[in-house]
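Engineer: take a look and give me a structure for this.
(one chain, ligands or ions: 1)
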Amino acid sequence: MDKIEAVQSEALQAIQEAGSLEALQAVRNTYLSKKGSIQALMTQMKSLPKEEKPAFGQKVNVCKQEVTQALEKRQAELAKLAIVARMEEEKIDITLPGDRLKIGTTHPLMMIQQEIEDLFLGMGYKIAEGPEVEQDYYNFELANIPKDHPARDMQDTFYIDPNTLLRTHTTAMQMRELEKAKGQTPIKLICPGKVYRRDDDDATHSHQFMQTEGLVVGEHITLADLKGTLEFMANKVFGEGRKIRFRPSYFPFTEPSVEVDVSCPFCNGKGCSVCKGSGWIEILGAGMVHPHVLEMNGFDSEKCSGFAFGVGIERVAMLKYGIDDIRNFYTNDIRFLETFDHFD
Ligand code: PHE
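Structural biologist: Numbers count the residues shown, from 1 in each chain. So this is what the prediction gives:
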């Protein structure tokens, strides 16, 4: 009889101490399974004298009942605790601040290109884009730079085969557009895009850079129209009050050809370190479309004329944002790119 009590109190204590449903199951196995301690008591009953059996059997049954009840009670408790623990674990603190999404910014070269595109679209120009892998014919021949012409040396070139190359200027695209127009005027377009030259990269040179070229062909187009257009562009890009000046130059596809300077936006033309004391900064090449280029493309150069210009986007961006190394544009260091956040 003492043994029954001992087993019972031992079982009840183990039930109270079971800290999880798994531990409780182990307790159930120890005491209530077929090989458990309570069943073992029943087996022992067989060896008792007959008259002791009923009382013993009854006590074991009571013990079994009490242990079963205590087990069920503890099971309910532990199940409840498990839910509470899980809810605690999965709690979401909706008052925590959210993760801020990092949004990229427009690349500084894209900013300049888009600015130039916008201002020319506003003047009724259309945008023409074309292949970067170009035929010699459009890049050179139609632009009045035949094979063996010394002007080919002006633009070191990446050739793919003798007739295919990475375009050295977006003038190639202008030639495609002139050819496509089949002698019909007016033409008013800009050609933005990447160009390539076999150059050693340093702070001011890159084998790949961006240009935007403009082309206008029609009746009575003069150098004065070119000057007015470029002055308008300079004022939009570098701020109001800019003046421009032309200096004679040479391009095979324009005649006359000019280099265009803008009055220094940093010192207002007085002379500073950026303009090297001259008050002027060279920004682009331009000229009147060479009559031979017009003729080669099927235009009557007696009836129509045109102007063209080509501006380097990197150069404008470097001047405008005070960047002294062109390589910054291509290495895409996030710290560099982020400094343009506020311009966007
Ligand atoms: N294609 C010339 C260059 O790449 C620029 C240019 C364009 C000059 C149009 C005159 C007219 O250097």
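Engineer: what strand or helix carries the residue in the chain that the ligand sits nearest to?
Structural biologist: The chain approaches the ligand most closely through residue 310 (2.8 Å), counting by C-beta to the nearest ligand atom. For the C-beta atoms, the positions are set from N, CA and C on the backbone; glycine is no exception. Residue 310 is part of strand 305-312, with elements assigned from DSSP states H and E.
Engineer: before we move on, the earlier item: and the residue of the chain closest to the ligand, how many residues sit next to it?
Structural biologist: Per other C-beta atoms under 10 Å, the neighbour tally for residue 310 reads 22.
Engineer: again, but for residue 110
Structural biologist: So residue 110, with other C-beta under 10 Å, has 16 neighbours.
Engineer: just the strands in the stretch 101-250 of the chain please.
Structural biologist: 126-127, 133-135, 159-161, 164-166, 187-196, 208-218, 244-251 (DSSP state E, counting those that start in this stretch).
Engineer: near the ligand, which residues of the chain?
Structural biologist: 169, 171, 213, 251, 254, 285-287, 308-310 (C-beta under 6 Å from any ligand atom).
Engineer: where do the helices sit along the stretch 201-344 of the chain?
Structural biologist: 223-238, 291-296, 313-321, 328-331, 334-338 (DSSP state H, counting those that start in this stretch).
Engineer: which other helices and strands does the longest one contact?
Structural biologist: Contacts of helix 223-238 with other secondary structure elements, assessed using 3 or more C-beta pairs under 8 Å, 6 or more residues apart in numbering; DSSP states H and E, are made with helix 108-121, strand 208-218, strand 244-251, strand 254-263, strand 280-289, strand 305-312, helix 313-321.
Engineer: okay, those in CSV with mean pLDDT and distance to residue 150 next?
Structural biologist: Shown next, in CSV, are those (pLDDT from 0 to 100; distance: least, C-beta to C-beta, whole Å):
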stretch, mean pLDDT, distance to residue 150
helix 108-121, 95, 31
strand 208-218, 97, 22
strand 244-251, 96, 11
strand 254-263, 96, 15
strand 280-289, 95, 17
strand 305-312, 97, 20
helix 313-321, 93, 25
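Engineer: so which of those comes closest to residue 333?
Structural biologist: Residue 333 lies closest, by C-beta to C-beta, to one member of the helices and strands packed on helix 223-238: helix 108-121, at 12.2 Å.
Engineer: format the CA atom coordinates belonging to that closest one as CSV.
Structural biologist: Provided in CSV are the C-alpha atoms of helix 108-121 (Å, rounded to 0.1, in the frame of the first residue of the first chain):
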residue,chain,number,x,y,z
PRO,A,108,24.9,62.8,-63.8
LEU,A,109,25.6,62.1,-67.5
MET,A,110,21.9,61.2,-68.0
MET,A,111,20.9,64.4,-66.2
ILE,A,112,22.9,66.5,-68.7
GLN,A,113,21.7,64.4,-71.7
GLN,A,114,18.1,64.7,-70.6
GLU,A,115,18.4,68.4,-70.0
ILE,A,116,19.8,68.9,-73.5
GLU,A,117,17.1,66.7,-75.0
ASP,A,118,14.4,68.6,-73.2
LEU,A,119,15.5,71.9,-74.4
PHE,A,120,15.8,70.8,-78.0
LEU,A,121,12.5,68.9,-77.9
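Engineer: and it with strand 208-218, angle?
Structural biologist: Angle between the axes of helix 108-121 and strand 208-218 is 0 degrees (criterion: axes from the mean of the first three to the mean of the last three C-alpha atoms, to 10 degrees).
Engineer: okay, residue 153: pLDDT?
Structural biologist: With respect to pLDDT, residue 153 scores 78.
Engineer: same deal with residue 206?
Structural biologist: The model's pLDDT for residue 206 equals 93.
Engineer: now it. Nearest residue, chain neighbours left out?
Structural biologist: Nearest residue to residue 206, sequence neighbours excluded (C-beta to C-beta, 6 or more residues apart in numbering): residue 326, at 5.2 Å.
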